[in-house]
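A.B. asks: Quick one: sequence and predicted model below, then my questions.
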Amino acid sequence: LFETQPDPWQLDDQDDWLAARIVFAAPPFGPYDYSIPAELESSVKKGVRVIVPLGRGNRTMTGYCIDIMTPSHPDAATVKPNRLKPISRVVDAKPLIDEKLLKLSHQIAEYYISPLGTVIETVVPVGARENSGTREMLFLSVDPEVARDLDSVKLTPLQRNIIETMLGSNQDWTPGELAETVGCTQGPISTLRRKGHILSSTRRVQQKTHEIQPEARTENLVLNVEQQTALDAIAKSIDAEEYKTFLVHGITGSGKTEVYIRAIQQVVEYGRQAIVLVPEISLTPQTRRRFRARFDRVAVLHSHLTSVQRAWHWRQIAEGNVQVIIGARSAVFAPTPRLGLIVLDEEHDASFKQDNTPRYHARDVAQWRAESENVPLLLGSATPSLESWHKAQTGQFKTLSLKNRVLDLPLPDVATIDLRTDVAGMRKRFSPIHQKLRQEMAMALSEGGQVILLLNRRGFSTRIQCPSCGKVEYCPDCSIPLTHHVEGKKAVCHYCDHTIPEPRRCSDCGNDAIRFSGLGTQRLEAEVAKLFPDVEIARMDTDTMRKRGSHEKALSKFRDGETKILLGTQMIAKGLDFPNVTLVGVVNADTSLHLPDFRAAERTFGLVTQVAGRTGRGERGGRVLVQTFSPENPAIVCATRHDYVNFASGELPVREEFNYPPYGKLARIVVRGEVMAKAEQMAEHIAECINESADELELQLCVIGPSAAPLEKLRGLYRFHMLISTIETNTIQRVVTRAQTKIREMDDIQWIVDVDPYNM
Ligand code: ADP
Ligand code: ZN
């Protein structure tokens, strides 16, 4: 597969040279060409790492060989053969990345405007880059003194979090895993090591080998008519070895997973492998068990694997020893030798978008991969993304609908609680739990049921809402809510910077009790504890769930009935199956409905629908209560009726009018810096360079902003952002790539491009 030698006939040519094209995962990303010394000719291959000299001094750097260049290469003219430095050393005996995944990496690098080296490091997991069977590793432990009494030393909240995370699990921590689990950099960990609170030791470790345990096999169910129809369509594409994307649209419990399993069985029978992508949160033991019960060799790639475990799985997959790979986003890069099918369940889920470079979306990458490897792609959801829905409407995807719940469980009854009627009470002291919700909670609990309360954490932005009529002030040009700024008493659009003075009265009803803040989310737990002092409550959000295993612990306590009320962020809305939950409360639907983000309505519809699916799973049925100031909003009305089709057909024209996806293409540029004026200046400079580049290329594109980002200041850095909007595909890539050559970097200012942004 790999071009190890140039064509021998070509070597006889007068200009006979051989070069390797190298990229790096860090600046200066490359690509650069190097000559290949004779003794390395047989070991330099596409996909191996090499060590090369860089610059004038003795500096060397490790890079990836992405191409072997010869005089007959189509791009041979770009090589300057007699000016090349030689490669110093080859690191890998075998390529880390095969031809197909290398091609995919190129596609990702180009589309997401990211350095190819960074993309390759994302495709090849860290552990896989280690060669030998054993390796030297650094392990950390907490100083026993400190472990005994945390209060004996002075710790910042972050440092305390790090130590608590380490104490929360008796595994061996490596610095990398610790930083990843806590979500911090190496900085604070080093500080703790320097202070002696964290001790370190090195050990040679044997690479772990894990046996994949086959579980008892369960027999196939008899599919119902809708499931069979869906399976037949998919089977036809598998047989034909053709690329085709199917949108499997069915509410939770309609039997989608069963269809995936049957399609995968067919793929496995043909000796091929299937990749199943699910949101991280859905990688529950339930999911694993379900697949392991049907297939002998299943690899589950979740984020809590150590890098050694991950590497082991990766090698097993590459050697063809695995039939089915289940994993979150990055499993789309599983190095299967003969891919047969990709499934992406809960395809609307935002976790498929990576929020650091390369900012890829696994759905798009899966589509590229399926297309180039000629395999079908299944996208499943009860609430498809409008991008996928639109593609299905326009014939690019084939829709397969599962309209009924398999076991004939009724959908839960969803009702709204209109918070607007509560203005008088609210002025005195606003309780996040309306009396009606409180009563229903008490009733559910007294009947032995359990309760889930959803609160959306992204309530940081302070919308301007009239508590009497529910009216929210929106930007006339962008159709997103204005954000209130205490400083300067103004209301600002975070897309285009449209600014008005802070309103004193509601522009609809004249009420003067305008509220500028979202609901105090942190207060909810305390409030619920006050209302139900004798009930065990668990809170689940990114803060409480940082520690390894804490997520599963909280869920299993809830499953066992030890905790009665589970409250948390959207984390709890997805994929969980608790038959005893008879009531779900959405504490304030407006927090997600009026976010300054064009996807706010879609998110809210999805969130309410998903969380509603968390109840009514047992015989007792279930009920959902949605607290809102906007009960007539179509997103909420449709969600209460479980009516996706109507929601989509109402929302798509709005997207079209404002050129938002799926009609227009967007990219977001975020500029960050400690000095506000400097960051703003840089943002303006970037906007100028982009406009200039678009003019030069004669491409139609619109820069919206720059303006202060919705999260204006984060971790001490001021943030400005701008949106680039266009209709044509590839325009953004061409313009930004050209602009990059014009932009003068500024000290202490960072900026990033996010193509197809998700979180605004
Ligand atoms: P979804 O993935 O759409 O939520 P599942 O495939 O998980 O739906 O199916 C929901 C439940 O119904 C599961 O417990 C599954 O085992 C069961 N089920 C699915 N298909 C059938 C069928 N044809 N006959 C009986 N039970 C089924
Ligand atoms: Zn605007």
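C.D. replies: Alright, I've got the coordinates. Everything quoted here is computed from the prediction, not taken from an experiment. Ligands and ions are numbered 1, 2, ... in the order given.

A.B. asks: Quick check, pLDDT for the residue of the stretch 301-450 of the chain found nearest ligand 1.
C.D. replies: Nearest residue of the stretch 301-450 of the chain to ligand 1: residue 406, at 4.1 Å (Cβ to the nearest ligand atom). Every residue, glycine included, has its C-beta placed from N, CA and C. Confidence at residue 406, expressed as pLDDT, is 80.

A.B. asks: cool, residue 8 as well?
C.D. replies: Reported pLDDT for residue 8: 48.

A.B. asks: that older thread, phi, psi for the residue of the stretch 301-450 of the chain closest to ligand 1 please.
C.D. replies: Per-residue torsions, residue 406: phi -60, psi -50 (degrees, to the nearest 10).

A.B. asks: Tell me who's in contact with it.
C.D. replies: Counting by Cβ atoms under 8 Å, 6 or more residues apart in numbering, residue 406 touches 224, 227, 253, 254, 255, 258.

A.B. asks: and if we set it to 6 Å?
C.D. replies: Taking Cβ atoms under 6 Å, 6 or more residues apart in numbering as the contact definition, residue 406 lies against residue 255.

A.B. asks: what's the answer for residue 739, then?
C.D. replies: Counting by Cβ under 6 Å, 6+ apart, residue 739 has contacts 689, 690, 693.

A.B. asks: Looking at those, which is nearest ligand 1?
C.D. replies: Closest to ligand 1 out of those is residue 690 (43.2 Å), distances taken as Cβ to the nearest ligand atom.

A.B. asks: Can you tell me the element that closest one falls in?
C.D. replies: Per DSSP states H and E, residue 690 falls inside helix 676-697.

A.B. asks: Give me the helices and strands touching the following helix or strand past that helix, please.
C.D. replies: Where DSSP H and E defines the elements, the next helix or strand beyond helix 676-697 is strand 702-714. Counting contacts by 3 or more Cβ pairs under 6 Å, 6 or more residues apart in numbering; DSSP states H and E, strand 702-714 is packed against helix 676-697, strand 717-726.

A.B. asks: let's see 8 Å
C.D. replies: Identification of packing neighbours for strand 702-714 by 3 or more Cβ pairs under 8 Å, 6 or more residues apart in numbering; DSSP states H and E yields strand 665-673, helix 676-697, strand 717-726.

A.B. asks: Mind listing residues that contact the helix or strand hosting residue 159?
C.D. replies: Using DSSP H and E, residue 159 sits within helix 157-167. For helix 157-167, contacts defined as Cβ under 8 Å, 6+ apart pick out 140-142, 146-147, 150, 155, 173, 178, 181-182, 184, 188-189, 191-192, 197-198, 546-548.

A.B. asks: Restricted to helices, list those residues.
C.D. replies: In this view, these that belong to helices under DSSP state H are 146, 147, 178, 181, 182, 188, 189, 191, 192.

A.B. asks: Sort those by pLDDT and name the bottom one.
C.D. replies: pLDDT across the ones in helices among the contacts of helix 157-167 is at its lowest for residue 181, which sits at 82.

A.B. asks: Can you say which helix or strand has the residue lying closest to residue 660 once chain neighbours are set aside in it?
C.D. replies: In space, and not counting its chain neighbours, residue 660 is closest to residue 598: 4.5 Å by Cβ to Cβ, 6 or more residues apart in numbering. Using DSSP H and E, residue 598 falls within no helix or strand.

A.B. asks: what is the rounded mean pLDDT of stretch 515-524?
C.D. replies: The average pLDDT within stretch 515-524 is 62.

A.B. asks: Start and end of it, how far apart?
C.D. replies: 19 Å (Cα to Cα, to the nearest Å).

A.B. asks: Turn the ones in helices among the contacts of helix 157-167 into a markdown table, including distance to residue 655.
C.D. replies: Below are the ones in helices among the contacts of helix 157-167 laid out as a markdown table (distance: Cβ to Cβ, whole Å):
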| residue | distance to residue 655 |
| --- | --- |
| 146 | 53 |
| 147 | 54 |
| 178 | 42 |
| 181 | 38 |
| 182 | 38 |
| 188 | 42 |
| 189 | 44 |
| 191 | 47 |
| 192 | 48 |
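
A.B. asks: just those now: which is nearest ligand 2?
C.D. replies: Among the ones in helices among the contacts of helix 157-167, residue 182 lies closest to ligand 2 (Cβ to the ion), at 37.0 Å.

A.B. asks: which ones are touching residue 22?
C.D. replies: Residue 22 touches 30, 31, 32, 33, 34, 50, 52, 63, 64, 65, 66, 87, counting by Cβ under 8 Å, 6+ apart.

A.B. asks: switch to 6 Å and redo it
C.D. replies: For residue 22, the contact set (Cβ under 6 Å, 6+ apart) comprises 30, 32, 34, 52, 63, 65.

A.B. asks: With residue 376 instead?
C.D. replies: 234, 237, 244, 341 are the contacts of residue 376 under Cβ under 6 Å, 6+ apart.

A.B. asks: Distance-wise, check the nearest residue to the second one once chain neighbours are set aside relative to residue 403.
C.D. replies: The reference is to residue 237. Spatial nearest neighbour of residue 237, chain neighbours left out: residue 376 (4.1 Å); criterion: Cβ to Cβ, 6+ apart. As judged by Cβ to Cβ, to the nearest Å, residue 376 and residue 403 stand 22 Å apart.
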